[in-house]
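# Using only what follows, build the 3D model:
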Amino acid sequence: MENNNFNQLCVWQGVVLDGFTIQEFESWMLERFEARIKFVNEVKTLPDLDNIGNKYFNSRLMLGTGKYRTSQDAIKSIKASKCEIVTVAIRRLPTNINQDNISFLKSLDWEKLWLLPNTAGSQTAEDAIRMAFLGHELACQLGQEDNFFVKLEVISDPKYLLPDPIGTLKAAEFLVKKGFTVLPYINADPMLALHLEDLGCSTVMPLGSPIGSGQGLNNLSNLQIIIENANIPVIIDAGIGAPSEATMAMELGADGILLNTAVAQAKNPEQMALAMKLGCQAGRLGYLAGRMEKKYYATPSSPVSQISQI
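From the prediction side, this is the model:
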């Protein structure tokens, strides 16, 4: 090291800050090990970190911000989940976040979180495009001037809240050309997913089942096809109601999941957020480990020959 009397450079493999600030990490090292350190850089080399719009994330779980009974429930759930991407419906917010006395956004640490504005409530492509630009304005107010992420929702069906494929394609094409990082919410339609990828979308987000239904993954075969064909991250969005379903989505090979109602409407949202985090991690590890082959007959796990005779 060049200054401050540091004379040794250490490279620690497998160390992730996991929500700590650099200052908190340096203080922890001093208190825990009486070692005075200067953190230089974090090099992310893990092969399974997601790249969405040239931005990397450690967590594969994304959380929504609606339907919580209290603001504290939302804040505690986001913290317990260790998510890094938080989605917010732009339509519910004032154009100036400093005048927002209703939501809890100002209470979140936007140095650790990344805003994903969503166009929920948009019934046409034109309406969704307008919401996307307002979303970028909100991101700028939170200090994320380089944030052009948008969760694209075009929903003209008021009963089942199913996404409009034509409107989604139209809005996605326009927003991609304008430089947005587009994450479109879609039906589990493999061909639509390919078309959106060809347009330049950064992910596709097929639904597991209708929004807020808690029905789980209703179309496993189509989800599997989307995952197998995609060259961009696949995020399962909507319908997941239990940690076991989050695990199943990740075991399929999905790159991540987005949740809201399952956590917000749980009896204990904070605890459910932690459970979803662990379910997501377990499913990813299971997918990477590789499932055993299914068989139509039993195979003994203990030896059937060369058994000692007494």
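# Where do the domain boundaries of this protein fall?
Listed by automatic domain parsing, the domain ranges of the chain are 1-43, 50-289.
# Quick one: distance of the last one to the chain centre.
What it means is domain 50-289. Centre-to-centre, domain 50-289 and its host chain are 6 Å apart (Cα atoms, centre = their mean, to the nearest Å).
# residues contacting residue 148?
Shown in contact with residue 148 (Cβ atoms under 8 Å, 6 or more residues apart in numbering): 53, 136, 139, 179-181. Where you see a C-beta, it was placed from the backbone N, CA and C, and this is true even at glycine.
# I meant residue 116, not that one.
Residues near residue 116 by Cβ under 8 Å, 6+ apart: 62, 85-88, 149-151, 183.
# tell me the SS of it?
Look at residue 116: counting by DSSP: H, G, I helix; E, B strand; the rest coil, its state is strand.
# mind checking how far the closest residue to it other than its chain neighbours is from residue 27?
Excluding the flanking residues, the one nearest residue 116 by Cβ to Cβ, 6 or more residues apart in numbering is residue 87, at 4.1 Å. Distance, residue 87 to residue 27, by Cβ to Cβ, to the nearest Å: 32 Å.
# now do residue 181
Between residue 181 and residue 27 the distance is 34 Å, computed by Cβ to Cβ.
# Distance check, residue 170 against residue 142.
On the measure of Cβ to Cβ, residue 170 and residue 142 end up 28 Å apart.
# give me the low-pLDDT residue ranges for the stretch 201-310 of the chain?
303-310 (pLDDT under 70).
# mind running it again at 90?
Low-confidence segments of the stretch 201-310 of the chain (pLDDT under 90): 208-216, 218-219, 237-239, 285-310.
# what's in contact with stretch 204-223?
With contacts defined as Cβ under 8 Å, 6+ apart, stretch 204-223 is touched by 67, 151, 160-163, 183-190, 193, 196-197, 226, 230, 232, 234-242, 245, 248-249, 252, 254, 258, 260-262.
# List the buried residues of that stretch.
204-214, 216-217, 219, 223 (16 or more other Cβ atoms under 10 Å).
# How about stretch 157-167?
Along stretch 157-167, these residues count as buried under the neighbour rule (16+ other Cβ under 10 Å): 161-165, 167.
# what comes into contact with that stretch?
Applying Cβ under 8 Å, 6+ apart, the set of residues contacting stretch 157-167 is 123-125, 128, 153-156, 184-187, 189, 192, 207, 210-212.
# Which of the residues you listed are buried? Put it as a PyMOL command.
Per 16+ other Cβ under 10 Å, the buried members of the contacts of stretch 157-167 correspond to this PyMOL selection:
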select buried, resi 125+128+153+154+155+184+185+186+189+192+207+210+211+212
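# From the contacts of stretch 157-167, which land in strands?
Among those, the members falling in strands (DSSP state E) are 184-186.
# Show the residue spans covered by the strands in the stretch 201-310 of the chain.
For the stretch 201-310 of the chain, the strands defined by DSSP state E, counting those that start in this stretch occupy 205-206, 235-237, 256-259.
# for those strands, which one sits closest to residue 269?
Across these, residue 269 has its closest neighbour in strand 256-259 (10.7 Å, Cβ to Cβ).
# What distance do you get for residue 169 to residue 122?
From residue 169 over to residue 122 the distance is 14 Å, taken as Cβ to Cβ.
# nope, residue 163 is what I was after
Note on residue 163: its distance to residue 122, by Cβ to Cβ, is 10 Å.
# any common contacting residues for those two?
By the contact definition Cβ under 8 Å, 6+ apart, residue 163 and residue 122 are jointly contacted by 153-155.
# Any chance of those in JSON lines with pLDDT and distance to residue 113 as columns?
Putting the shared contacts of residue 163 and residue 122 into JSON lines (pLDDT from 0 to 100; distance: Cβ to Cβ, whole Å) gives the following:
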{"residue": "153", "pLDDT": "93", "distance to residue 113": "20"}
{"residue": "154", "pLDDT": "93", "distance to residue 113": "26"}
{"residue": "155", "pLDDT": "90", "distance to residue 113": "25"}
